[in-house]
Each structure stands twice: as structure tokens, then as C-alpha cells.
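Novice: Could you work out the structure for the sequence below:
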Amino acid sequence: MSTRSRLFAGLTLAALVTAGLVPAAALVLGSAQAAPQAARTAARDAVVFTRVQAPDGDQPDIEVGIWSPAEASPRLRPLIVISHGTGGDFRSHMATAQALARAGFVVAALTHTGDNWRDQSRSTDLAGRTRQVSALIDFMLTRWDGRAGIDPRRIGAFGYSAGGFTVLAAAGGRPDLTRMIDHCRTHPDNFDCRLVSQHAVPAGPAGGNPLAIPTDPRIRALVVAAPALGFTFAGRGLAAVTQPVQLWQAGSDQILPAPEYVEPVRAALPNPPEFFRVEGAGHFDFMPPCSTELKLFAPAICAPTPGFDRAAFHETFDREVIRFFKAHLAASSPDAAPVRAGGVNPGRGPAS
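Specialist: Next comes the predicted model:
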């Protein structure tokens, strides 16, 4: 097994151990011995987890993890879909998914086919990534056992790194992938350029944009963290992304360094996003804190960023993500809530 395979195999195994997941039904918080009030609180905060396979046309089925509130609700719940970064899987942002489910959302995270810790053969298939997000939404609305409890008018998307690009494109972004030529000529050692050198981007129509990327108008709000390939959206590439966007940047990102990634996205969005620059954070600090076991398998992902408290940051990060989706996927008026921008220094304190 290669070093990279061991890394992501360890990531998956340790994530399961850390979260205490079992491969079937429910995670129930609290106990039968709890006081009545505590028991009611535990039931309200309990999360049900299921792992399923979603169809993707003539492509292989998509692995999906679903977190949903255990407590029944008389009202339809909003749906959040999660797209992970290169080489991850549906568990990459499990802690955030659980926090969203405890806050009342149904959360579905997919493992991107051909771009996960087991298989990197399609890691540059950007159109495939966005198609898979739409296939996931289709599944959740038409085939999932709990579909009757989802409000199809209130769908949000969360994406990190390559997943950030994915949800921006799925929400209406039109990347110009021909920009990769000049970008990689200037920055050959950047992660995205090294990836493309190993896995060519699928070809599209001759003489045109290399790839036609599908979009999904059902996505009503987006949280985007450290987006990959941001420069491909420069100019008017995000003109159609009029949905509310919460955009996060790691102040010390060495994988996707400034100013090629977050800055072009922020500038290209037609409506100013709710923007957070997390001073002192590295690229991998948007992934949850690592367990002791995971640190042994994935030192590159788990190595602490000097002077930055990842655990403290994630308390703030999850709180801000929940607040944003609650504001913009409200049952009465999905687009009415005001946008609050700010700076975050969660390694040292709360959001401002």
C-alpha cells in the first residue's frame, strides 16, 4: 500500500474510532437513567447516522453518509450536502455534519467517485464531481427513506478545497479551465498543478473551454472553505452565483496560497460574500482535529499549525456555519436574512 493510501486509510479508520460510529442506524445521546429534562435534551440533540449508496446514472453508485436529527419534526427540514477535498471521503467533515444535524438540518456527505483515499484515478474529473453533487440531491429528494421530511426549497451546500470549487460550479459558476495553462506555467509546484501533471483534465470540445460543468439551481446557499482553482472563476465566472455565500480563507494556507484561490472567488461573486479570513490557520485546519491514532497515520494533515488552536477554531467554525445556514435557509424567507461579515481569529478567541 502506498504512503498516500495508508494516509487516507488511516484517516478513515481513525475518524470512525474517534466519532464512535457504527455502520448502521443510530447515535443516541443520553441514557435511560437520565433525569427527565436531561433525557428530553439528549433526545432533541440526538443524531441518526446512515450509510447508503446513491445511484449515479451509468456510473458507479456513490457512497453517502447521512446525519439527521433523531427527534421528529412537524416541519420540513433543510438539506445540506457536503463535498470533500481531494482524496477524502464522506467522513472528512463529520464533526461539522454532526453539528449541523444537531442544529436541525439533514446532512448528506458523499465520497466522490475516483477522488477519494481509495481511488485517485479521476481526481481531475471536475464535471464528474458536480454531477455527483446533483445525483446526491436527486437521491435525497426522491429515494432516501426520510425524503418526506426534507424541504426541497431549502438546500445548502458546503465544500472544502476541491469541494469548494465543486459547490461553486454546481451553484452556477462557470470556470475557465484554460487559465490552468498560464497558472501552472507560473506556479508549477502548487498542489493543483502537480495534481494535473499526474492526472490530465478530461478533454472537452475542441477549441473551447475544456469542460462543460453541470449546474444545479436547487442549491440556495453555500459555505465555501479554501476553494481550489479559484483563479478559474476570475472575471465573470461567478456572475450566476447570486445565492448567499459564506467564504473562508486560511491566513497561512501553504497548499492553496494567496492570492490565486480565495481572492478571485471573493472578487468574482456578484454579491459580497460573508467573508472570514482565519489568521494563523493552515489549509488542513478546516478539517476537524485529529485523534491520537490519526496523527500517526496522517502527519501532513494532523501536524499542528504553530500558534493555532484547531479545536478552538472548529467550535467557532461550526457555530458560524450553522448560523449562516439558519439565516439563509429559513422556512419563511430563504433570502431575507442580513449577511454579517467579519474576521475570525478562533485559535485565540471567538468570531468578531
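Novice: A strand includes Leu222, no?
Specialist: Yes. The assignment for Leu222 by DSSP: H, G, I helix; E, B strand; the rest coil puts it in a strand.
Novice: so how many other residues sit close to it?
Specialist: Residues near Leu222, counting by other C-beta atoms under 10 Å, number 27. C-beta coordinates here come from the backbone N, C-alpha and C atoms, glycine included.
Novice: what's the answer for Arg118, then?
Specialist: Arg118: 14 neighbours (other C-beta under 10 Å).
Novice: quick one: pLDDT of it?
Specialist: For Arg118, the model assigns a pLDDT of 87.
Novice: Doesn't it belong to a strand?
Specialist: No. Under three-state DSSP, Arg118 falls outside any strand and is assigned coil.
Novice: any weak-confidence spans in the chain?
Specialist: Scanning the chain with the threshold set as pLDDT under 70 gives 1-44, 199-211, 332-352.
Novice: same thing but 90
Specialist: 1-45, 87, 116-125, 192, 194-214, 290-302, 330-352 (pLDDT under 90).
Novice: Which parts of it are strands?
Specialist: In the chain, the strands defined using DSSP state E lie at 26-27, 47-56, 59-69, 77-83, 106-111, 150-160, 219-225, 245-250, 274-278.
Novice: Look up how far Leu136 lies from Arg143.
Specialist: Distance of Arg143 to Leu136, given as C-beta to C-beta, to the nearest Å: 11 Å.
Novice: ok, back up a step: quick one: closest of the strands of the chain to Ala171.
Specialist: Nearest to Ala171, of all the strands of the chain, is strand 219-225, at 4.6 Å by C-beta to C-beta.
Novice: Indicate which one of the strands of the chain is closest to Leu238.
Specialist: Closest approach to Leu238 among these (C-beta to C-beta): strand 245-250, 8.8 Å.
Novice: and the closest one, which strands flank it?
Specialist: Strand pairing for strand 245-250, determined by DSSP bridges: strand 219-225 (parallel), strand 274-278 (parallel).
Novice: Compute the inter-axis angle for that strand and strand 150-160.
Specialist: 20 degrees (axes from the mean of the first three to the mean of the last three C-alpha atoms, to 10 degrees).
Novice: Perfect, that will be all.
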